[in-house]
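Enquirer: Next one to model:
(chains A and B)
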Amino acid sequence: MSVDISRAGIVGLRSGLVEHQFSCREIVDEYLEAIRKNDGTLGCFLHVDAEGAKSAAEAIDDNLKTGNELPALAGTVVAVKDNIFVNAMPSTAGSCMLEGYEPAFDATAVERLKAAGAIVIGKTNLDEYAMGASTEQSAFHPTKNPRDHARVPGGSSGGSAAAVAAGLCSVALGSDTGGSVRLPAAYCGVVGFRPTYGSVSRYGLVAMASSMDVIGPIGKSVEDCRQLLAVMGGHDPHDATSLPDPILKATDAERTLRGLRVGIPKEYFSDELAPEVVAALQRVQSILGRAGATCTDISLPSTVISVPTYYIITPAEVSSNLARYDGIQFGPIGRNEATSTTKLRDERFGTEVKRRVLLGTYVLSAGYADRYYHLAQRARTKIRQDFATAFADVDMLLTPTSPTLAFPFGSVQDPVSMYQQDVFLSAASLAGVPAISLPVPTDSLPVGAQIIGPQRRDADVLAWAQALETAMRTT
Amino acid sequence: MADNLDLGQLGHLSNLGLTAGELATYQGEFQEILKFVTLLHAEEYDDVSVTSQATDLENVYRHDTVAPSVHARTLIEAAAGHTEGYYRVPAVLRKKGNA
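Expert: Residues are numbered from 1 along each chain as shown, chains lettered A, B, ... in the order given. Okay, here's the model as predicted:
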């Protein structure tokens, strides 16, 4: 059976190469042509490395001709969010502050993907420094949702999710601090996985909120996400917060839905859900029930404080991490010594970045730290306790990824409303647990169903998600 | 709460030289954001410990061994300013009378 390159997953692309249905160069050429035709409208990419991708593809083809066994990700063409370093490619993090910067090394995740044969085709658009839920906050241009060009793709990894959804690459990398992989995956109708905190090295990821930042895969299927995580995960001595043991193992078993205990947190199903989201989640529950899973109503009482907690802890860490952009350690001031640090930061940082730096400085300042930051750290403990209590009784949680469908450009203006896009996403980030957004088949704009599992049980979350994905496709 | 918030001072502490227009915009937004995050204060936190990061790793060490890395010259040349094998940055200290 012939393989359709634009629809194929990682396994299909590799098998197509092995069976000589197409060359790796043909795979890359097809994606480059798709980018040429569509990215002028969509704006997924900030940089495309056509020559580098062609050259890497020809090396794979040469390897195949010599009869050598191909690596696991041969034929996989990956787009990388522009806050993750790829050697000798521009890495702006969506900010004018880093415009023109080219790192001299690969992020560990990228280094491992390349070593396994993956080809990096380019860098994708994002909200500046990954701060946003719509990709409207990019310093360069917004990205459009491939399903409806008048709507946002979600954020902050909007360029990556839109590129996968539009068939401009096989898979993509995003980063998820408070939902930045899962939300755009839901809005664009693809799969996005936030692994357990520390399961993928942060080395080479531009720091936003270091206690929550995770690199996560985005793909057309759960299997593609699993394949990427299997390669890029695991301990890295360059990142002291990386977990000592691999998060996925060769012995991980497939799972069925029969006997699965699914918790439905009542706080995630308010009257404010869009009707399309309600209908989609009811359908998922019905499919789970028919497959032999048991859905039980549970409570996560600290849900109401998860977004406020996130928007204290994150700005605090942002204000600390972004202090390095002073034109001495980082930033473009070396070219113009007449520019002061404060002027440089005011000119080069965008509105949302400045808002979070100011807020972070405030919640950390003497007299306010106890009232805000230290209290938020305690609230974070309560949120973790909620999950621990829930997972004593159920195997996984099912929630909507977002209360709404992708919204039109410019329709969410005030910061608090934008922050509340993360309402179903922040708690898992604060608790460091794995969570995946799966597209639910629907006639409307895409709707994402989120599966949340216990910490370090990523293999189970992926296996359950894959079983649900199969059930949804066949029902 | 933030009634007496001095955003100009906060901008100074944040190394941001905010314009008058930015100060006016942020002042209104900050009231709303702080009102929102103050939802935290409705909960009880007696005997609740703090969480700084979620995986509870502590005392993480590695062997102090030399390993291959990116060449120093490559890193220096990637900087915005460099000269004769050194980073070039703005002067921090100035001669008396030139401040």
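Enquirer: pLDDT score assigned to residue B:99?
Expert: For residue B:99, the model assigns a pLDDT of 49.
Enquirer: So which residue is smack in the middle of chain B?
Expert: Against the mean C-alpha coordinate of chain B, by Cα atoms, centre = their mean, the closest residue is residue B:14 at 7.5 Å.
Enquirer: Chain A now?
Expert: Central residue of chain A (Cα atoms, centre = their mean): residue A:181, at 2.2 Å.
Enquirer: My guess is that residue contacts residue A:194. True?
Expert: Yes: applying Cβ atoms under 8 Å, one finds residue A:181 in contact with residue A:194, separated by 5.4 Å. Backbone N, C-alpha and C define where each C-beta goes, glycine included.
Enquirer: Quick check: neighbours shared by the two?
Expert: Shared contacts of residue A:181 and residue A:194, defined by Cβ atoms under 8 Å, 6 or more residues apart in numbering or on different chains, are found at residue A:216.
Enquirer: number of nearby residues for the residue in chain B that chain A sits nearest to?
Expert: Of all residues in chain B, residue B:81 sits closest to chain A, at 2.3 Å by Cβ to the nearest Cβ. Using other Cβ atoms under 10 Å in any protein chain shown, residue B:81 has 18 other residues around it.
Enquirer: hang on, isn't it packed against residue A:331?
Expert: No: counting by Cβ under 8 Å, residue B:81 stays clear of residue A:331, with 10.2 Å between them.
Enquirer: for the stretch 1-150 of chain A, what are the low-confidence residue spans?
Expert: For the stretch 1-150 of chain A, applying pLDDT under 70 flags the ranges A:1.
Enquirer: where does it come near chain B, residue by residue?
Expert: A:100, A:101, A:102, A:103, A:104, A:105 (Cβ under 8 Å from any Cβ of the partner chain).
Enquirer: For the first one, give me its contacts.
Expert: Contacts for residue A:100 (Cβ under 8 Å, 6+ apart) come out as A:90, A:332, B:80.
Enquirer: Of those, keep whichever come out buried.
Expert: A:90, A:332, B:80 (16 or more other Cβ atoms under 10 Å in any protein chain shown).
Enquirer: Could you pull up phi and psi at the closest residue to the second one other than its chain neighbours?
Expert: With Cβ to Cβ, 6 or more residues apart in numbering or on different chains as the measure, residue B:80 is the residue that lies nearest to residue A:332, at 4.9 Å, once sequence neighbours are left out. Reported as degrees, to the nearest 10, the phi and psi values for residue B:80 are phi -60, psi -40.
Enquirer: if I look at residue B:80, how far off is residue A:100?
Expert: Distance of residue B:80 to residue A:100, given as Cβ to Cβ, to the nearest Å: 8 Å.
Enquirer: joint contacts of these two?
Expert: Applying Cβ under 8 Å, 6+ apart, one finds that residue B:80 and residue A:100 are jointly contacted by residue A:332.
Enquirer: can you give me the strands for the stretch 51-200 of chain A?
Expert: A:77-81, A:119-124, A:171-176, A:191-194 (DSSP state E, counting those that start in this stretch).
Enquirer: right, so those strands: which one is the most enclosed?
Expert: Mean neighbours per residue, mean count of other Cβ atoms under 10 Å in any protein chain shown, is largest over the strands of the stretch 51-200 of chain A for strand A:191-194, with a mean of 32.
Enquirer: Does that one reach chain B?
Expert: No: against chain B, strand A:191-194 shows no contacts by Cβ under 8 Å from any Cβ, the least distance being 12.2 Å.
Enquirer: if I've got this straight, residue B:44 is in a helix?
Expert: No: per DSSP: H, G, I helix; E, B strand; the rest coil, residue B:44 lies outside any helix segment and is coil.
Enquirer: can you pull the contacts of residue B:5?
Expert: A:362, B:27, B:30.
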